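# sequence first, predicted coordinates after that:
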Amino acid sequence: MSHNTAATPDLTAELLATARRAAAAGAAVLAQRHGVHIEADTKSAAGDWVTDYDRRAEQAVREVITAERPRDAITGEEYGNTTPADASPYRWSIDPLDGTANFVRGILYYATSVAVAGPAPEGTGEQVWLAGVVQAPALASTWWASRGAGAWLGGTDAGDDAGARRLTGPVPGAAGALVATGFGYDAERRDFQVQALAALMPGFANVRRIGSAALDLCLVADGTLDAYAEYGTGEHDWSAGALIAEEAGCPVLRPDTDPGWQAVGYVDFDQLPAPPAG
């Protein structure tokens with residue numbers, strides 16, 4: 001199979017298999033967490049942490065992808081962009097530890113997220129997200145999807161899908177609907193996000209702040225939450241989760257600017273507040 005052709009269903013299945021192995025490798029590093037206090041460094045602001053686990057998990061994910069797909073480009077949260085000299089048209093997006101603050105504090109909502117984009121199977125020349133996996137070792141759960149093949153939830157054993165459940169998103173109009181959101185570390189952006197939350201609340205009974213955008217998206221896909229919207233997330237936060245939600249049948253809005261709005265589920269995308277100029 002040439003790397004220069006559009007992804008066929010068979011190739012998409014192979015990409016998903018690689019993504020599952022890569023996510024499992026990263027999650028295995030996170031599963032080594034022990035003790036109460038985790039050493040962390042500050043990246044950009046107070047509370048925006050990075051740990052040795054982030055770095056080692058990304059290395060583990062990259063090792064799997066590089067071994068199986070040596071010509072593919074990789075974009076990772078911790079180690080940036082890697083593009084081989086003779087690059088294929090496929091690119092991986094990695095968040096080795098989404099929910100680092102949760103991880104540091106011992107809150108169970110954190111995960112490894114792995115996704116891959118490439119030429120659309122339809123042969124249009126468009127670049128699309130083809131496969132994505134979010135694995136949460138502390139929750140013993142893995143969400144995954146490939147383009148056109150649905151979204152699924154199972155355990156962390158990639159070799160045993162017997163109990164996997166196909167995802168169909170939340171129930172429209174359900175009583176007590178919950179919307180999830182998140183907040184950034186920059187004070188000005190956080191002020192806007194807090195104000196925007198009021199605009200999101202009509203039609204919802206309450207709000208949740210899980211602390212991992214990847215898991216927020218997956219929890220809408222599996223029907224635990226009814227919607228999620230957040231301003232200012234990075235590609236590595238949503239690349240896998242948005243595909244999983246989309247394949248579960250959820251409306252999905254990916255950011256078309258950076259920063260921009262990421263939303264999924266029963267949110268009126270047209271009513272999402274515009275950020276202040278400048």
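Cool, got the structure.
# the bottom helix or strand of the protein by mean pLDDT?
Scoring the helices and strands of the chain by mean pLDDT, DSSP states H and E places strand 40-42 at the bottom, with a mean of 55.
# give me the below-cutoff pLDDT ranges for the stretch 51-200 of the chain.
158-159 (pLDDT under 70).
# tell me where the stretch 151-278 of the chain has strands.
Read by DSSP state E, counting those that start in this stretch, the stretch 151-278 of the chain holds these strands, from start to end of the chain: 151-154, 165-166, 178-180, 206-208, 227-231, 252-253, 261-265.
# just checking, what packs against the longest helix along the chain?
Ranked by residue count under DSSP state H, the longest helix found in the chain is helix 9-30. For helix 9-30, the contact count by 3 or more Cβ pairs under 8 Å, 6 or more residues apart in numbering; DSSP states H and E identifies helix 52-68, strand 91-98, strand 111-119, strand 127-136, strand 141-146 as packing neighbours. C-beta here means a position set from N, CA and C on the backbone, and glycine is covered the same way.
# of all those, which lies closest to residue 234?
strand 91-98 (8.1 Å; Cβ to Cβ).
# mind listing what the closest one pairs with, with the direction of each?
Strands adjacent to strand 91-98 in the sheet, as given by DSSP bridges, are strand 73-76 (parallel), strand 111-119 (antiparallel).
# run the chain-centre distance for stretch 250-258.
In terms of Cα atoms, centre = their mean, to the nearest Å, the centre of stretch 250-258 is found 13 Å from the chain centre.
# end to end, how far does it reach?
23 Å (Cα to Cα, to the nearest Å).
# that stretch - what's its average pLDDT?
Stretch 250-258 shows an average pLDDT of 93 in the prediction.
# mind listing residues that contact that stretch?
With Cβ atoms under 8 Å, 6 or more residues apart in numbering as the test, stretch 250-258 has contacts from 169-170, 220-221, 233, 238, 242, 245-246, 261-267, 269, 272.
# hmm, back to that, most tightly packed of the helices and strands packed on helix 9-30?
When the helices and strands packed on helix 9-30 are scored by mean count of other Cβ atoms under 10 Å, the highest mean neighbour count falls to strand 111-119 (a mean of 30).
# phi, psi for residue 182 please.
phi -150, psi 170 (degrees, to the nearest 10).
# count the neighbours of it for me.
Under the neighbour criterion other Cβ atoms under 10 Å, residue 182 is assigned a count of 20.
# what residues are up against it?
With contact taken as Cβ under 8 Å, 6+ apart, residue 182 is in contact with 193, 209, 210, 211, 213, 216, 230, 233.
# residue 174 against residue 227, yeah?
No - proximity of residue 174 to residue 227 does not meet the contact threshold set by Cβ atoms under 8 Å, at 10.8 Å.
# show me which of the two is the more surrounded one.
Each of residue 174 and residue 227 has its neighbours counted (other Cβ under 10 Å); residue 227 has more, 24 against 12.
# quick revisit: list buried residues within the contacts of residue 182.
Of the members of those, the ones counted as buried by neighbours, 16 or more other Cβ atoms under 10 Å, are 193, 210, 211, 213, 216, 230, 233.
# identify the residues contacting the closest residue in space to the fourth one that isn't next to it in sequence.
Sequence neighbours aside, residue 237 is the residue nearest to residue 213 in space, at 4.0 Å (criterion: Cβ to Cβ, 6 or more residues apart in numbering). With contact taken as Cβ under 8 Å, 6+ apart, residue 237 is in contact with 95, 98, 113, 213, 214, 262.
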